[in-house]
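1. Give the three-dimensional model of this entry:
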Amino acid sequence: MIKVICGRKGTGKTKRIVELANKTAETAKGSVAFLDDDNKFMYDLRHEIRFINYNDFGIRNSSVLEGVIIGLLAGNYDMETIFVDGILRVIPEKAADLDEFFGELEKITKKAGATIIFTVSLDQDELPEFIKKYVI
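-> Residues are numbered from 1 along each chain as shown. Below you'll find the model as predicted:
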């Protein structure tokens, strides 16, 4: 399953995703991971959450990010939820070009029984149709 938290910069998306990650970790039966492009919020996350800095793993486009997500799911049979903050800050693609990426992740998460939650710095009315169905 894929979910998206959207909104312009400064609307509280990161705070919301950090709170959601902590709440998820409180009741998770499996593993939880959080991907971000800096360590600013690392210490705001519960210690059970695996924190991954994009920059430490050379995540520079959607293909590499997809590979990292597949690796997390393959390496942790109990990976329950992956939180990805600021996807459009990290990858060079525009939201409109991520149709195939979201389609592949939808298949992968269904097979693995996992959830991926992204933050996207766009208002809901600016999102492509294929992403709007994931907005929470």
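
2. just the strands in this protein please.
-> 2-6, 31-36, 50-53, 79-84, 115-120 (DSSP state E).

3. a markdown table please, covering those and showing mean neighbour count, mean pLDDT and distance to Thr109.
-> Where C-beta positions appear, they are placed from N, C-alpha and C, glycine not excepted. Output for the strands of the chain, formatted as a markdown table (neighbours: other Cβ atoms under 10 Å; pLDDT from 0 to 100; distance: least, Cβ to Cβ, whole Å):
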| stretch | mean neighbour count | mean pLDDT | distance to Thr109 |
| --- | --- | --- | --- |
| strand 2-6 | 20 | 98 | 6 |
| strand 31-36 | 23 | 96 | 13 |
| strand 50-53 | 16 | 95 | 17 |
| strand 79-84 | 23 | 97 | 9 |
| strand 115-120 | 22 | 97 | 6 |
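
4. hmm, which helix or strand of this protein has the shakiest average pLDDT?
-> helix 87-90 (a mean of 90; mean pLDDT, DSSP states H and E).

5. need the contact list for the residue most central in space within the chain.
-> By Cα atoms, centre = their mean, the chain has its centre lying nearest to Val84, at 2.3 Å. Neighbouring residues of Val84 by Cβ atoms under 8 Å, 6 or more residues apart in numbering: Leu35, Leu65, Ile69, Ile116, Ile117, Phe118, Thr119.

6. ok so, going back, and the strands of the chain: which comes nearest Met42?
-> In terms of Cβ to Cβ, the element of those nearest to Met42 is strand 50-53, at 4.9 Å.

7. Could you name the helices and strands sitting against that closest one?
-> The elements that strand 50-53 packs onto, with contact taken as 3 or more Cβ pairs under 8 Å, 6 or more residues apart in numbering; DSSP states H and E, are strand 31-36.

8. which other helices and strands contact the strand it packs on?
-> helix 13-27, strand 50-53, strand 79-84.

9. re the thing from before, with respect to Val135, which of the strands of the chain lies nearest?
-> Comparing these against Val135 with Cβ to Cβ, the closest turns out to be strand 2-6 (5.1 Å).
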